[in-house]
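Trainee: coords below, sequence missing:
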Ligand code: ATP
Ligand code: MG
């Protein structure tokens with residue numbers, strides 16, 4: 001997939017942008033606070049209909065204006081596609097080839113991007129919540145079914161937690177109703193757990209190869225999916241469902257005591273293991289960075305495997321932080337097949353191959 005053409009109107013500090021891009025590497029160069037990240041963010045928003053930096057869509061609208069528009073022509077093997085997103089104070093409207101999409105879920109998943117920013121180190125070093133968010137964003141992008149189950153799961157979880165609170169404070173006492181809620185939560189949870197099991201396994205395979213390349217075969221990266229569902233029950237939705245039902249019965253009184261759901265997919269985590277040790281706790285800074293890079297690059301392969309198309313890669317301020325070996329591996333991973341946008345304040349420390357080939361865009365004060 002390639003972003004061939006982009007137009008922006010009143011997006012962050014851009015009044016109007018109308019530009020073509022190279023199908024290979026695009027370098028956005030400029031001083032601080034000029035709009036480099038804003039442009040990458042616009043591409044991300046075009047794909048996911050939400051920002052990676054904020055949950056408040058209004059921040060995306062240029063100061064003093066009442067709507068922002070992002071429009072892109074996407075080149076795919078099946079032909080071009082026009083995507084448009086209008087963000088106003090009233091909400092979002094999405095169009096595909098000029099046709100309004102009544103539901104955002106019909107818009108999502110058509111254009112895939114992988115973003116890598118310095119904050120992504122949190123995937124390795126941060127809390128389980130960071131990793132769950134990462135997993136959900138990525139798997140949701142490649143699978144509409146995953147996204148659907150996740151949305152339903154969250155709704156059920158809220159309902160169940162509210163009911164557990166009522167039980168805790170003796171405002172309710174119907175345990176049959178609780179078990180109905182538990183079954184529904186287990187049903188969506190089982191779909192999520194088995195999808196995570198499959199996709200994490202596939203992603204781990206890609207990540208291990210990339211990681212071994214970067215570390216010249218010195219280190220071995222594996223993933224460990226941490227979920228309360230026992231490993232023997234994860235691979236299949238039916239067995240995962242049964243396991244979750246059992247867990248809910250087993251933990252019922254504790255859950256009522258605490259007034260919240262203690263079991264389920266919302267407690268999952270994944271550990272990245274390097275040479276047998278959890279890199280979050282025992283890895284050096286460099287090992288953590290290498291792991292984050294390998295995991296991110298593995299996403300590219302996973303998306304290709306799942307959707308048949310390579311995603312577009314967005315690199316915000318990460319290149320100059322990587323040493324030559326890691327830059328070379330990055331280049332190898334993208335080589336002519338993955339359209340890449342990268343931001344930087346200077347070309348110092350950037351591999352010669354990147355400087356030589358690309359289209360260079362100078363970004364200054366929203367122009
Ligand atoms: P750095 O190199 O420091 O990362 P950058 O070029 O990536 O800089 P951006 O984050 O893209 O910078 O842009 C920041 C600028 O955009 C700031 O000056 C900020 O005030 C401006 N900005 C952010 N949101 C809006 C908005 N809604 N309307 C107008 N300007 C905005
Ligand atoms: Mg920036």
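Mentor: Cool, the structure landed. Because the structure is predicted, anything quoted here is derived from the model rather than measured. Ligands and ions are numbered 1, 2, ... in the order given.

Trainee: tell me the contacts of whichever residue of the chain sits closest to ligand 2?
Mentor: At 3.1 Å from ligand 2, residue 37 is the closest residue in the chain, using Cβ to the ion. Just so you know, the C-beta spots here come from the backbone N, C-alpha and C atoms, and that holds for glycine as well. Shown in contact with residue 37 (Cβ atoms under 8 Å, 6 or more residues apart in numbering): 53, 316, 317, 343.

Trainee: And the protein, what are its domain boundaries?
Mentor: Domain assignment for the chain by automatic domain parsing gives 1-112+309-367, 124-307.

Trainee: Quick one: name the residues of the protein near ligand 2.
Mentor: 36, 37 (Cβ under 5 Å from the ion).

Trainee: helices and strands of the chain: which one bottoms out on pLDDT?
Mentor: Lowest on mean pLDDT, DSSP states H and E among the helices and strands of the chain sits helix 352-356, with a mean of 77.

Trainee: what bridges to residue 75?
Mentor: Residue 75 has these beta-bridge partners by DSSP bridges: residue 2.

Trainee: That one: what's it in contact with?
Mentor: By Cβ under 8 Å, 6+ apart, the neighbours of residue 75 are 1, 2, 3, 4, 23.

Trainee: State the distance from it to residue 81.
Mentor: 8 Å (Cβ to Cβ, to the nearest Å).

Trainee: With residue 63 instead?
Mentor: For residue 63 relative to residue 81 (Cβ to Cβ), the value is 31 Å.

Trainee: More neighbours: these two, which one.
Mentor: Neighbour count, other Cβ atoms under 10 Å: between residue 63 and residue 81, residue 81 has more, with 15 against 8.

Trainee: how about the residues of the stretch 201-350 of the chain near ligand 1?
Mentor: Contact residues, the stretch 201-350 of the chain versus ligand 1 (Cβ under 6 Å from any ligand atom): 343, 345.

Trainee: what's the residue of the stretch 201-350 of the chain found nearest ligand 1 in contact with, if anything?
Mentor: Of all residues in the stretch 201-350 of the chain, residue 345 sits closest to ligand 1, at 5.3 Å by Cβ to the nearest ligand atom. Neighbouring residues of residue 345 by Cβ under 8 Å, 6+ apart: 29, 30, 31, 32, 317.

Trainee: ok, back up a step: packing partners for the least confident helix or strand of the chain?
Mentor: On a contact count with 3 or more Cβ pairs under 8 Å, 6 or more residues apart in numbering; DSSP states H and E, helix 352-356 meets strand 25-29, helix 324-334.

Trainee: Sort out which residues of that helix are buried, please.
Mentor: residue 354 (16 or more other Cβ atoms under 10 Å).

Trainee: All good on my end, thank you.
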